[in-house]
Structures are given as structure tokens and as C-alpha cells.
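**Student:** Here's a sequence, model it:
(4 chains)
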Amino acid sequence: MSLEFTSSEMMSVTAARALNNSMTCFVGIGVPSEASNLARLTHAPDVTLIYESGTLQTKPDVLPLSIGDGELCESALTTVSVPEMFRYWLQGGHISVGFLGTAQIDRYANLNTTLIGDYREPKVRLPGGGGAPEIATNAQEVFVTVKHSKRTFVKDVDFVTTVGFGRDGKARDNVPNIGQGPTVVITDLCILKPDPETKELVVTSLHPSVTRKDVIDATGWNVRFADDVKTTPEPTARELKVLRDLKARTHAHHAGQQ
Amino acid sequence: MSLEFTSSEMMSVTAARALNNSMTCFVGIGVPSEASNLARLTHAPDVTLIYESGTLQTKPDVLPLSIGDGELCESALTTVSVPEMFRYWLQGGHISVGFLGTAQIDRYANLNTTLIGDYREPKVRLPGGGGAPEIATNAQEVFVTVKHSKRTFVKDVDFVTTVGFGRDGKARDNVPNIGQGPTVVITDLCILKPDPETKELVVTSLHPSVTRKDVIDATGWNVRFADDVKTTPEPTARELKVLRDLKARTHAHHAGQQ
Amino acid sequence: MAEFLSLQEAVSRHISNGDTVCLEGFTHLIPFAAGHEVIRQGKRDLTLIRMTPDLVYDQMIGAGCAKKLIFSWGGNPGVGSLHRLRDAVEKSWPNKLEILEHSHAAMACAYEAGAAGLPLAVMRGYIGSDLPKVNDQIKFIECPFTGERLAAVPAIRPDVGVIHAQRADHKGNVLVEGIIGIQKEVVLAAKRSIVTVEEIVDDLGAGVNACVIPSWAITAIVEAPGGASPSYALGYYDRDNAFYKEWDTIARDRDTFTAWLNDNVFEKGVA
Amino acid sequence: MAEFLSLQEAVSRHISNGDTVCLEGFTHLIPFAAGHEVIRQGKRDLTLIRMTPDLVYDQMIGAGCAKKLIFSWGGNPGVGSLHRLRDAVEKSWPNKLEILEHSHAAMACAYEAGAAGLPLAVMRGYIGSDLPKVNDQIKFIECPFTGERLAAVPAIRPDVGVIHAQRADHKGNVLVEGIIGIQKEVVLAAKRSIVTVEEIVDDLGAGVNACVIPSWAITAIVEAPGGASPSYALGYYDRDNAFYKEWDTIARDRDTFTAWLNDNVFEKGVA
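**Tutor:** Below you'll find the predicted structure:
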């Protein structure tokens, strides 16, 4: 039998599964936050979640709207200053996974959250880098999760806010003290991973009922597929229930706050 | 009428009088600590005392044996980490007075707490710099208090642990972001201040019943006297009582701890 | 020692046209009341610095207080864009706004360096990013011990730092609790500081290692209950998430924004 | 996650001959029990780093564990010299001891930089001091923004960091309270860490911004009640000032020292 689920749910569940109990995860807001907490509430109860607001090992009951909501602090092991967070905990090498969203991503997994168009004459001005530029280089590895579309998946990002593997795939070569960068990109259609040699993102798994054409049509470059493309396992009933409960709880909580 | 007091008491009382309510004082252990707390318990109840162990605005009831005794923490406004103490509070420019003792001092108020003799073959090995090298440059001014003797007051220190005005009196000239350095040296015999031009220490006040010859005999260079040498005011009965009570309390406290 | 002032006096006396000003509060304890007083007093040509310019800077920028913004993430968290900020950057309304952008790590380090009295912060950052191409304040130095290339940014040393905190005692010592962000660093890095607090109490009730800023490190203290709303003050009130969402509609349009500003800032007196 | 070990196991497994080791505790929470176990296990050729080598390092140096000492103030606070340290430096007993000395500010910044994962610390320091003439690890750099000359020292990144703390919970999270010194920095800067604690509890009882070191940042935790004595543990016991004074007599003479070591360290088992 097959469960009913949306492509967004498929993305969140798949992203959640990338985490495990031994990881210390620096969590970005949005889908990364949803996925991280889903992991914590399902198969990875001991995953350590850290938000850049300084909340170490936090266990919010509802998803935060901002990275500094009160729930994060009240459910944390402790809360440190923001300079300490970036210096001791991120740059100090204690983060195994940086979990990021993005507005644009290119074939070398470079991320753009700065702007669309030219820097001095932007078509669309985006929020900017935030914590991402250093999360991407100081975390041991990076997971990216983002909805798949031609607007998002571009051949070359307009601006490299946050380095994946650079314009040529070689930006991390011979750089000391740098993490391995994006190891997986999870979308609502598929899973992509960097080619071990060229670092170009390659589709390694298609979500149930998604076709190669769906992915090709939603990708702004001539995307390659791995030799052995898998089918991503469906969400389980438990995963869906926990995710939906979490979102309902979150919605009720934020709506109720006036 | 004249009170009975020792030369050590004269030194502590005179050193205490150098502080006032508006000062934020980074306190060294020994006579500086005794004098600072005497000031706090007499004419300067609002003087802010800071010890390098991280205790901000502390009000110990007894004198600490080390710069990190429990009393300092328990009576402090708050206690910060040692890196924060040196970075934010000292280097950040929040200390008006650094109050230091020393093993050797020379005519340009350079301090030596490292060793007597040659660095590689010391005659006497002393504890080292501790906080003094940066207290002396980052505090707005420095007070020094030390017993007067030929062994202590030397023409040139064997080692400049902590700069006064350098080997030539010019070490602070044209250095950006540096405090004015030692402004007063208080001994058990007299008060010395740097000559405004040459920075050489000059006797400006003799303690009661101390002669010029006493000072000359206890000083390792041809010490100069100001044109108008004053007589240091005697301790008051209240100052002596508070000082003696403080020392008695301290003695009883430390002896009683097993 | 900190001086206890009214909000009107504190802003009037310590913030001048042309100053570099940081109103900080990392998603928590955002000094909205102080920002509104800056708007009411019609301050102009401010260089505004803030890691996360959210609604308070959207409002100040829309009201015409700012000529330059230094920041690392400019959005309405969890909601979307800051429309007043975008209108200023893209269409120079109500005036041209110059921007200079960093990453969070760089700004956090720059505040830390400012508090530490240093002229620069050194960090392992900006590797592979295009930000150094558009921000000439980002330089690179070589470690004299390892030869590693490290990023350097100038310390932040603003004219005025403004924060909100939970409480002050009668001597002017201030307790900050919860997400302390960079509240302490801003006060220590600034030439002058204004701290608004929820209440003034006899005893801070602070733990032995609590984040307490001594009175002698603060310029002015203002009692401003609710002064962080619609952000939150841990132990006092929650974040008004509904208003953050509503702001998207208010700020999208110049007229609705101007009407909101008149009704909610100009026509409201000082707390 | 931190592993709960006996003191014997923790020292045996994580400290090897030749390692660079920091036993820290700035006048408070000095890890004496761990130091004694290092002596009992006859570790040799250690490079010992500590801002204030006091009795614990005097004992370890006198017992022949160290080949090098990096420090910024070496004395018996309020009492006088460390006789075993002096005997090692001046007379090479029981072996030659190399020393490298800094100021407190430099070491505090070097620990901070180590915790921050940087190769160096930059500070405004050592101006006019002779210390840079005898310590080739002190260099000077020029600020690329202001041209100011600033001191630079290498970050401290020891093989092993050892601290004592008040308590751990059953998951291995540790609370440090009071004079926190550089306890957190040492653990974060070290490749491996050993934390001895007064007790293991169900709930740390920590405030929201308390100095808590998470289990996943610690290698090994050891329950060692009284493990900081004769220094003190705030909330547990006071400093044994009488012993600090007594040490002056014990350590002054090689024979009385050796006898003390036999009676109080070698013949005493693991806690």
C-alpha cells in the first residue's frame, strides 16, 4: 500500500533521514529546521541541534519562526553569545553538519542568498549571507535542502554567497582547515551528490513517481544522472504523522501568539 | 598627638589614598590588594575593584591569599572568564588604574618580576609577568607600591617584565592606544612620581620622620627630590583601625581554613 | 556610572545626526522603543549597523533616518523581505541607502574585536565567497606562524550602541538573560551606550556567572517596559509573531507604511 | 559523547609520554587528583602548559613528569616560590626543565584562539617588555586597516586538556561555576580532554546562560570528589590555605618533597 504525501513532505522526510544520532548539526531556518527536528523526533533522538543564535543542543517542541525564538533557548542545554557560537563552536571545529537552505544553487553546489542580477543593480535583493558562508567552510560537511526549479537550480549562481566547490569545482582544493563541503542536496524531486572527481552535482536518487524528465525540466543545466539511480524510499506512516503533528503544533503556536 | 604606626601601615594607607570612588582598579595581589580594599572600606566605598581571575566589582570581606579566592567571586557583581577579563575589560579600555607590586623597579619605573641576574642563568628566579605587562600598557594609568630597598630600587632592572617608561624613558612616546603608565610609586618611605619631561622617578613626598638620607640609602640610583618635597600625611586613627581589623580578619580567616 | 534618563532624553542627548549607531538584539531583546524614539526625533544620516536588520531597521530606514546600512542578514525572519529596506536600496525611497554587507561570523567577530579594544578581527572566513569582491573592508592576512591565509575585518566601534535588557538595579548594573547575542559586545564596543530595560529592581537576582554589564560600562539607562516588543524579552513576554507576519503587508506599500508610522510611532508619545 | 572512566583509565588511555598537556584552573578548580594520577603512572617528557603553575605543577615537575613548561606566572600565590620548579630550572633536578614564558593576557588570548580553531591570537600586548626577546613565539604583525603594530602568539592546541568542574549529568554534560577561568577554552582547544568532577547528578541545575560544556565536546569524565583539593570548588569546599603555606616547607627540600610524594601520592590509590 502507498501513503499519500506531498513533495514537500517527501523532501523534509528525506532531509531528516540524512541526519543521525552522532551528528552535531548547525541548523538553518526553514526546511533544514523542519527536517532536523523531524529527525530528532523520529530516528535520531540524540542528534545535537545548534542554532546560530547561541542555543546549544536545543529541543524545541514547535518549530521556531526565527533562529532566536524563545523555545530554542528554553529547551537548550545552554545558550552562549553569538561571537562564542561562531568562534568556539563553528570555527572551533565542533560542527559535523551544516544544514542550509538557499535561494539559488549551481552545478558546483555554490549557494546564492544575496541577490538575483547584478550586485549594484539587483533584479531581486535577497537577505544576504547570514551564517552560511562560514558554516559551509567550517562544518565538516554540508547538507543542502531546497525546492527544485529552474529559477533555483542554475548553471552558475549570480553571486557566490556561500561556496560549494567554486566556479570550477576546485575551490576547496589545497585549502587548509576546510570542511568537505556539500555532500548531499535534497530537493522535492530527488537527491543529488557531487561527483567525487569533478564535484558537479549528479542525481543519485529519484523520489517515488518522479521521472528523469521532471528533474531535467526543473534544472538550469544539463544535469547528469548517476549510473545507478536509486528510488528514494517513501516516508513511513510514523514519519508523516510526526511531521504533520509538528507542523500543526507549530502553526497553532505561532497563530496563537499575538 | 601622634599615633603609633609601622612603615608598612604608612605605605598601605598612603597607597589606599591614591584611589577614589570614580576609579576602576585592576588589583594586584599583596600590598595593592590590601590598599585597594582599605580604600573601599574607608574613603572610597564605591571604588570598583577587579581581579584578573575574572571577578568584576568585588567586595571581599577578608583579603584574598590568591587572586582567585572564593570570597572574590562570591562578593563580585559577576565573574567572567579570564580571556574576557583580559580582552574586554582590560584591553577594551575599561580600567582606569592598574595597581601593581613588583620585585625590582628602576628609575624609569620599569618593573621586573621575572628574575635577578641573567635570563639563561638566573641568580634568583621570580614568578614572572602574570597580568602586569598588559595591565601597565592598557590601564589608563598605573600605581606601583613596593617596599623601598637598594635591592628593589635599582638603576636599571635586570629584565623589563613590565614597561614603565622603558630603558630611556621614551617607550610610550608615539605608541598608539597606550595608557600614561606609572603616575605614582608609593613605598614605605616616600612617594615618587615620574618627572613630566624625563620620566625619571622623583621623590615628591617623604613619609613622617623619614629623612632624605633614608631614601637615598635605600635607592640604587642617585635619586632626585622634587623642588617642593611634601610630608605625607599620617594615617588617621580610623584608617589604622580599619586596616588592622581587615588584617586581623584576614589572618583569622586564612589560619582557620584547614 | 550609568545615568538614568527618560527615553526622550537618552536619544536626544546621545544620538546625533550622522552618528554610527548599532541597535542590537539577536532576534531577542530588540530595542524597538529606542528605534521609535530615534524616528520621532527625526535623526538623519545615521550609519546603521546590525547583524540582522529586521523590522526595527525597516522602520528606521523607511522613516528616512539612515544613509548607510552595515549588516549580514536583512530579512523578516520566517516571513520574507524587508520591503522598506529594499525600496531604499532599489528605488532610493525615501532616500538613497548605501549598503555594506558581511557574514554573521565576520560581524560577530568584529563586535568581539570592538569590545576587546582591537582595531581588527581575524577569522577563518569568506573562503570562496564573492562577498570580499563587493566589500572593500574585507582583507586577508597571513598567519606569521603557519602561513595560513585568514580573513580580517575592521572592528566595529560605533558612536552609540543601543540594546534592550531584562532589568537594571538602582545602581545601573544590567542583567541580560537568554539569547544574549552580542548585547554585551555592543555596549563595550561603543563610545556611548543606551540600555533600555523592562524594569528597575532592587536586586538583579543574577547567578554568579550571569551576563551582567556593570553600571560604569554603560552611559544611559532607560526604563522602557515592553521596549523590545514585537520581539520578545525572555521572562517577560513572547514574540508577537502575528505582527511580524502582518508587517509584510504594512511595509509592502509606501502609503500603508507611512500611515502605520504616523499612527504607531509619531502619534505615540514616549513610554 | 564523553565516556565515563575511572581516573586511572582516563589518564592511562589519554595521556602519553611526550604529550603536550594543560591542567588548568585559574586558582579555582585545579585538577590535583588528575595531576597526582599522572605522577603515579610515571608519565615522562610532558610539555606542561598552565597560566599559573602552582602546587600541582610543582609536584609534577618535582616528580619528573615534565621536560618543558609554558606559563605566565609561576609561584605559590600569597606564599612565595615554587621550589621544585626552581630546582628543576636552576639545578636540573630531577631533570632539565625548559621554560617558555608569556604574560597572562597572551596565554588567555592563546587559549581563546585555540578554542576558536585559529592558529594565532592577536592582541595589544608586550609593548616595551623584554619577554619577546626571550620567547621566540611572540611575533608582531601590522593591522591592515590602521597600521598599528600588534602582538601575535600561537594558539594553544594541546594534545590533552585536563580540568576539574563541579558536576556532570549522566549524559556527560559538565557545569563549571564561579571563577570559570579558562576551563571551557582548555577543553575546546585540546585534541582530547579529561574532566574530573565533584559529583555526577541527575540535573545540573544550571541557569540558562551557565557555563556548561556539552558531553560531545569532552573526551572523558571522571568522578573525583575532592579532586581540586587543596584548591577549592565553589559550593563544595574551601581552599586549604594552610596547606599552601605548608607546601613551602615541604617543597623546599628534595628529601621532604620525596617523602611527601611517597606518602601522599604514590601510596594513595586512585580515588
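**Student:** Can the helix or strand harbouring residue C:212 be said to contact chain B?
**Tutor:** In this assignment (DSSP states H and E), residue C:212 forms part of strand C:211-213. Yes: under the criterion of CB under 8 Å from any CB of the partner chain, chain B is reached by strand C:211-213 at C:211, C:212. In this view, the C-beta of every residue, glycine as well, is placed from N, C-alpha and C.
**Student:** In terms of secondary structure, what does that strand contact?
**Tutor:** Counting contacts by 3 or more CB pairs under 8 Å, 6 or more residues apart in numbering or on different chains; DSSP states H and E, strand C:211-213 is packed against strand C:174-176, helix C:183-189.
**Student:** Go through these and name the closest to residue D:121.
**Tutor:** The closest of the helices and strands packed on strand C:211-213 to residue D:121 is helix C:183-189. By CB to CB, the value is 17.5 Å.
**Student:** Dihedrals phi and psi, residue C:102?
**Tutor:** Main-chain dihedrals, residue C:102, degrees, to the nearest 10: phi -130, psi -180.
**Student:** repeat for residue A:25
**Tutor:** phi -110, psi 120.
**Student:** which bits of the stretch 1-150 of chain C sit near chain B?
**Tutor:** So far as CB under 8 Å from any CB goes, the stretch 1-150 of chain C lies against chain B at C:115, C:116, C:117, C:118.
**Student:** Just among these, which is most surrounded?
**Tutor:** For these, neighbours were counted using other CB atoms under 10 Å in any protein chain shown, and residue C:115 has the most, 30 neighbours in all.
**Student:** so who does that residue touch?
**Tutor:** Residues in contact with residue C:115 (CB atoms under 8 Å, 6 or more residues apart in numbering or on different chains) are B:87, B:88, B:92, C:184, C:185, C:186, C:188, C:189.
**Student:** Who are the packing partners of the longest strand seen in chain A?
**Tutor:** Counting residues, the longest strand in chain A under DSSP state E turns out to be strand A:224-231. Contact analysis of strand A:224-231 by 3+ CB pairs under 8 Å, 6+ apart lists strand A:201-206 as its packing neighbours.
**Student:** same for whichever helix or strand comes after the strand it packs on, what does it pack against?
**Tutor:** Scanning forward in sequence from strand A:201-206 by DSSP H and E, the next helix or strand is helix A:212-217. In terms of contacts (3+ CB pairs under 8 Å, 6+ apart), helix A:212-217 is packed against strand A:201-206.
**Student:** Alpha carbons of the strand it packs on, as CSV, please.
**Tutor:** This file holds the C-alpha atoms of strand A:201-206, laid out as CSV (Å, rounded to 0.1, in the frame of the first residue of the first chain):
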residue,chain,number,x,y,z
LEU,A,201,26.1,17.7,-8.7
VAL,A,202,24.7,14.4,-10.0
VAL,A,203,21.3,12.9,-9.4
THR,A,204,21.7,9.8,-7.3
SER,A,205,18.1,9.1,-6.3
LEU,A,206,14.7,10.0,-7.7
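**Student:** before we move on, back to that, any idea which of the residues of the stretch 1-150 of chain C next to chain B is closest to chain A?
**Tutor:** residue C:115 (8.4 Å; CB to the nearest CB).
**Student:** And the host helix or strand of residue A:98, what's buried?
**Tutor:** Element membership of residue A:98 [criterion: DSSP H and E] is strand A:97-100. By neighbour count on 16 or more other CB atoms under 10 Å in any protein chain shown, the buried set for strand A:97-100 is A:97, A:98, A:99, A:100.
**Student:** which non-adjacent residue is nearest the first one?
**Tutor:** Looking back up the chat, that one is residue A:97. residue A:25 (4.6 Å; CB to CB, 6 or more residues apart in numbering or on different chains).
**Student:** Next one, pLDDT for that neighbour please.
**Tutor:** pLDDT, residue A:25: 98.
**Student:** what's the burial count for it?
**Tutor:** For residue A:25, the neighbour count with other CB under 10 Å is 26.
**Student:** go on, the one 10 residues further on?
**Tutor:** A count of nearby residues for residue A:35, using other CB under 10 Å, gives 27.
**Student:** OK, contacts around it?
**Tutor:** Counted by CB under 8 Å, 6+ apart, residue A:35 has contacts A:11, A:12, A:13, A:15, A:16, A:18, A:19, A:99, A:145, A:186.
**Student:** closest to residue C:243 among those?
**Tutor:** For those, the nearest to residue C:243 is residue A:12 (27.3 Å; CB to CB).
**Student:** That closest one: helix or strand, and which one exactly?
**Tutor:** Going by DSSP H and E, residue A:12 is in helix A:7-17.
**Student:** Mind listing what's buried along that helix?
**Tutor:** Going by neighbour count (16+ other CB under 10 Å), the buried part of helix A:7-17 is A:7, A:9, A:10, A:11, A:12, A:13, A:14, A:15, A:16, A:17.
**Student:** Read off the pLDDT value for the spatially closest residue to residue A:242 that is not a sequence neighbour.
**Tutor:** Residue nearest to residue A:242 in three dimensions, not counting chain neighbours: residue A:41, with 5.0 Å by CB to CB, 6+ apart. Note on residue A:41: pLDDT of 97.
**Student:** So residue A:41 versus residue B:166, what's the distance?
**Tutor:** Taking CB to CB, to the nearest Å as the measure, residue A:41 and residue B:166 are separated by 65 Å.
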